[in-house]
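Enquirer: below is the sequence, then the predicted model.
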Amino acid sequence: MTLSDFINNQLSFENYSFTFDEVAEAYSDKSKTLVHNDLKYAAQKGSIIPLRHHFYLIIPPRYSKFGKLPIELYANSLFEFLDRNYYIGLYSAAKSYGAGHQQIQKEYVLHNKAPLLSISKNTIHLDFFTVSNWPKKNVISKKGDAGMYNLSSPCLTAVDLIYHQTKIGGLNRILSVLEELTEEMKLGDIKDLLSWYSQKSVLQRLGFILDEIIPESDITNLIYEHLKPEKFYPVLLSPRSNQKPGAVENRWKVDVNIKMESDL
């Protein structure tokens with residue numbers, strides 16, 4: 001079997017990635033040195049991309065002009081290889097819900113183990129975020145062209161965007177995305193989130209922002225009723241290490257320390 005035969009066989013089953021062990025097993029009559037040489041040559045031609053050590057992406061002709069694959073085609077295989085739970089989130093998930101009017105240059109994946117270095121290979125840019133409190137709910141398993149993949153629900157996407165706001169461009173960059181996400185948020189989704197999510201300050205910010213977009217909605221009232229029996233304290237809308245919240249005049253106890261400017 002040649003590497004081309006192996007790749008064509010993978011594509012016939014809608015598999016857009018493979019590991020070194022898989023190709024070495026198919027190449028059982030060749031040495032590992034020859035396998036490495038063939039892989040190196042294929043990477044130089046652009047038909048495969050060595051995404052991580054011993055993990056490769058196949059770039060079929062219909063994606064060759066982009067030089068990359070949609071992340072849903074290989075996320076499941078990559079994280080099985082890494083032996084981690086994961087879900088596609090943040091702007092990448094928002095795009096799946098039609099809340100991606102901004103052209104994102106990176107894909108975002110959240111996972112449950114030690115930090116992973118970002119990946120930049122050709123036109124592929126992946127950012128990874130470690131989740132300490134793994135979601136008990138709100139991760140959706142969706143079927144794509146290459147099988148199943150995991151995606152954050154609209155409400156989980158919203159709180160993740162707010163929680164990580166300082167690392168992904170700031171609050172004003174995510175405001176328009178949150179506006180669009182409100183059309184996808186359902187009561188069942190927020191009820192599931194409130195059953196396990198522990199970041200009160202993020203829920204305060206989410207409630208405040210949603211009240212600005214859709215005042216006194218069933219979803220915002222549900223968040224407030226969840227928070228009301230507990231003690232919650234003033235927080236900054238946009239966290240600053242050198243700033244503390246001051247006087248607040250809204251029910252969420254959110255100090256609006258920046259000018260909110262959506263680009264919608």
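Expert: Cool, got the structure. Numbering: from 1, shown residues only.

Enquirer: okay, and the helix or strand of this structure with the least pLDDT?
Expert: Lowest mean confidence among the helices and strands of the chain (mean pLDDT, DSSP states H and E): helix 61-64, at a mean of 88.

Enquirer: any chance you could map the helices in this protein?
Expert: 3-12, 20-26, 32-45, 61-64, 75-82, 90-96, 154-163, 171-181, 187-194, 200-213, 218-227 (DSSP state H).

Enquirer: dump these to TSV, plus mean neighbour count and distance to Lys137.
Expert: C-beta here means a position set from N, CA and C on the backbone, and glycine is covered the same way. Output for the helices of the chain, formatted as TSV (neighbours: other Cβ atoms under 10 Å; distance: least, Cβ to Cβ, whole Å):
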stretch	mean neighbour count	distance to Lys137
helix 3-12	15	34
helix 20-26	16	33
helix 32-45	13	40
helix 61-64	10	33
helix 75-82	18	19
helix 90-96	24	15
helix 154-163	25	8
helix 171-181	20	17
helix 187-194	18	4
helix 200-213	21	15
helix 218-227	17	15
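
Enquirer: ok, for Asp145, nearest residue in space, not its chain neighbours?
Expert: Glu14 (5.9 Å; Cβ to Cβ, 6 or more residues apart in numbering).

Enquirer: ugh, wrong one, I meant Tyr27
Expert: Val35 is the one closest to Tyr27 (Cβ to Cβ, 6+ apart), at 5.1 Å.

Enquirer: show me what contacts that neighbour?
Expert: Phe20, Val23, Ala24, Tyr27 (Cβ atoms under 8 Å, 6 or more residues apart in numbering).

Enquirer: count the neighbours of the spatially closest residue to the first one that is not a sequence neighbour for me.
Expert: Spelled out, it's Phe20. Among residues not flanking Phe20 along the chain, His54 sits closest, at 3.9 Å (Cβ to Cβ, 6+ apart). By other Cβ atoms under 10 Å, 15 other residues sit near His54.

Enquirer: the residue lying closest to Ser118 once chain neighbours are set aside: how many residues sit nearby?
Expert: Closest residue in space to Ser118, ignoring its immediate chain neighbours: Asp127 at 5.1 Å, by Cβ to Cβ, 6+ apart. Residues lying near Asp127 (other Cβ under 10 Å) number 20.

Enquirer: OK, contacts around Asp127?
Expert: With contact set as Cβ under 8 Å, 6+ apart, Asp127 has these partners: Lys106, Glu107, Tyr108, Val109, Ser118.

Enquirer: thinking again about what came up before, redo the contacts of Val35 as a markdown table? Include distance to Trp252 and pLDDT.
Expert: Shown next, in a markdown table, are these (distance: Cβ to Cβ, whole Å; pLDDT from 0 to 100):
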| residue | distance to Trp252 | pLDDT |
| --- | --- | --- |
| Phe20 | 51 | 95 |
| Val23 | 54 | 93 |
| Ala24 | 56 | 90 |
| Tyr27 | 60 | 83 |
